[in-house]
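**Student:** Return atomic coordinates for the entry below.
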Amino acid sequence: MSKETETKVVEMTTEAPKTLEQLKVRETELDQINEDLIKEMQEREYEIDFKTKKVFDKLLKFLEKDAPWGHTTATGLIMLYHNLREAKELVKEKDFKGLIPVRSTSVTILWQMVTKMTGSGFYEAKTFVELMANVGESLSNAVQKSQDDNQSLRDNHSELAKVQQEISELELQASVEGPAAK
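**Tutor:** Here you go, the predicted model:
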């Protein structure tokens, strides 16, 4: 009887331990949230204001012909280029207002590509400055919004890691205590 009383006191003074089953249910929930967030982020778009068809075309030409890439950026460049090529029809419309939807996954890549642009001579420098003057603020805002939106995914990953750590600890404890403890 005194052992039961001691257990009750411990349960009242500390957080009730989670069972392995409860943790695995939570892990499944977090995995689903993670999957949903990733899918949503892949489909999410941010409008970048290119101002004019000329600015859009210059950037597209740069990506097509001159954008630097390496083994870590080649896939991103391809995704970005295809994303912008899909928007080419919007640019052809008479009432084009300069706004191009860019998928979340391409926003950061676009920022990296634009900030890596280099050239030679006055005319290329002038083209770059015009591009940044037209697109820079809009693109910077989209990058910031994308990073803010990605915070929920990072938070979910963090919680998932904690739950998985608790599961590992309980499984290790159960294996050390052996079948008698179960």
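
**Student:** and residue 36, how many neighbours does it have?
**Tutor:** Residue 36 sits with 12 neighbouring residues when counted by other Cβ atoms under 10 Å. Any C-beta I mention is one placed from the backbone N, CA and C, and that applies to glycine too.

**Student:** actually residue 66, sorry about that
**Tutor:** 12.

**Student:** For it, list the residues it contacts.
**Tutor:** The contact partners of residue 66, by Cβ atoms under 8 Å, 6 or more residues apart in numbering, come to 117, 119.

**Student:** confidence score at it?
**Tutor:** Residue 66 carries a pLDDT score of 86 in this model.

**Student:** From residue 175, how far off is it?
**Tutor:** 58 Å (Cβ to Cβ, to the nearest Å).

**Student:** what does residue 152 give?
**Tutor:** From residue 152 to residue 175 the distance is 35 Å (Cβ to Cβ).

**Student:** again with residue 70
**Tutor:** 45 Å.

**Student:** Look up phi and psi at residue 95.
**Tutor:** phi -90, psi 30 (degrees, to the nearest 10).

**Student:** What are the buried residues along whatever helix or strand residue 33 lives in?
**Tutor:** Mapping residue 33 onto the secondary structure by DSSP states H and E places it in helix 20-43. Neighbour-count burial for helix 20-43, counted by 16 or more other Cβ atoms under 10 Å, picks out 23, 26, 27, 30, 33, 34, 37, 41.

**Student:** who's more crowded, residue 152 and residue 175?
**Tutor:** Remark: of residue 152 and residue 175, residue 152 carries more neighbours, 14 against 10, as counted by other Cβ under 10 Å.

**Student:** What helix or strand is the more buried one located in?
**Tutor:** Counting by DSSP H and E, residue 152 is part of helix 121-177.

**Student:** picking that back up, so how far is the helix holding residue 33 from its chain's centroid?
**Tutor:** Mean C-alpha position of helix 20-43 versus that of the full chain (Cα atoms, centre = their mean, to the nearest Å) differs by 15 Å.

**Student:** Understood, closing this out.
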